[in-house]
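> I would like the atomic coordinates for the input below:
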Amino acid sequence: MAREKIKIRKIDNITARQVTFSKRRRGLLKKAEELAVLCDADVALVIFSATGKLFEYASSSMPELLEKYKLHSNNNVVDKVDDSLNLQLQESDQTRMGKELLDKNRELSQLRGEDLHGLTLEELQRLETLLEGGLNRVIRTKDERISNEISTLQQKGFRLMEENKHLKQQARLLNDYIFLHANTYFSFVIN
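As a prediction, the model looks like this:
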């Protein structure tokens with residue numbers, strides 16, 4: 001009689017799940033040992049249960065096998081994948097940046113009114129709208145600066161007028177003082 005095939009999915013019943021884990025763990029450990037003996041292979045197997053309990057098998061020293069694994073995985077797979085991925089990313093970035101640079105240079109020359117021969121009517125209208133928007137911003141900024149300059153000059157003119165008025169008042173007082181003292185001096189000298 002043949003075994004019945006089961007669907008591979010999580011077993012809902014906790015007891016049945018634990019029994020299956022225990023049986024399959026023993027079978028897996030047995031197969032790992034058989035592989036190591038029959039094929040003279042270095043085998044390391046690490047299993048953590050659902051409760052976090054550790055089960056392991058090593059055909060030789062587990063730390064030596066883990067170190068060997070780290071050495072091979074880091075040098076061969078990870079570095080090659082990283083180098084290849086980094087190279088692809090750099091090439092992709094260079095291609096993208098080169099295309100962006102060409103697009104920006106073309107756009108800049110079009111904004112200067114050059115290289116317009118290949119543009120469609122819609123592209124020319126878009127360019128015109130862009131230029132009008134830019135021109136409006138330039139005019140607005142220029143007007144603001146002129147307005148600020150006028151305001152600054154008006155304030156400076158007001159301060160100068162106030163200072164002029166103050167100096168005239170001081171000059172009048174000084175003239176009055178000199179006139180008064182001159183009359184006093186002349187009347188003293190005449191008498």
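> Could you tell me how many residues sit around K7?
4 (other CB atoms under 10 Å). Glycine gets a C-beta too; all of them are placed from N, C-alpha and C.
> tell me the SS of it?
Under DSSP: H, G, I helix; E, B strand; the rest coil, the three-state class of K7 is coil.
> do T51 as well
T51 ends up coil, using three-state DSSP.
> Distance check, it against Q18.
9 Å (CB to CB, to the nearest Å).
> Look at these two and report which has more neighbours.
Q18 (14 against 7).
> can you list residues touching both of T51 and Q18?
Counting by CB atoms under 8 Å, 6 or more residues apart in numbering, T51 and Q18 have no common neighbour.
> What ranges does the protein have for its strands?
All strands of the chain, identified by DSSP state E, fall at 44-48, 54-58.
> which one of those strands lies closest to D143?
The closest of these to D143 is strand 44-48. By CB to CB, the value is 72.9 Å.
> Return the set of buried residues in the closest one.
Neighbour counts over strand 44-48 (16 or more other CB atoms under 10 Å) mark A44, L45 as buried.
> repeat for stretch 106-118
Q110.
> residues in contact with that stretch?
Contacts of stretch 106-118 (CB under 8 Å, 6+ apart): L119, L124, L127, L130, L131, G134.
> mind redoing it with 10 Å?
By CB atoms under 10 Å, 6 or more residues apart in numbering, the list of residues contacting stretch 106-118 from outside reads N105, L119, E123, L124, R126, L127, L130, L131, G134.
> How about the last one, nearest residue that isn't a chain neighbour?
Excluding its sequence neighbours, the residue lying closest to G134 (CB to CB, 6 or more residues apart in numbering) is L111, at 7.8 Å.
> now the helices for the chain?
Ranges of helices within the chain are 14-39, 62-72, 79-111, 121-190, based on DSSP state H.
> Can you add distance to K7, pLDDT and neighbour count and give the contacts of stretch 106-118 back as a markdown table?
What follows is the contacts of stretch 106-118, written out as a markdown table (distance: CB to CB, whole Å; pLDDT from 0 to 100; neighbours: other CB atoms under 10 Å):
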| residue | distance to K7 | pLDDT | neighbour count |
| --- | --- | --- | --- |
| N105 | 61 | 87 | 11 |
| L119 | 63 | 82 | 13 |
| E123 | 60 | 87 | 12 |
| L124 | 65 | 88 | 12 |
| R126 | 60 | 88 | 13 |
| L127 | 64 | 87 | 16 |
| L130 | 62 | 88 | 13 |
| L131 | 68 | 88 | 13 |
| G134 | 67 | 88 | 11 |
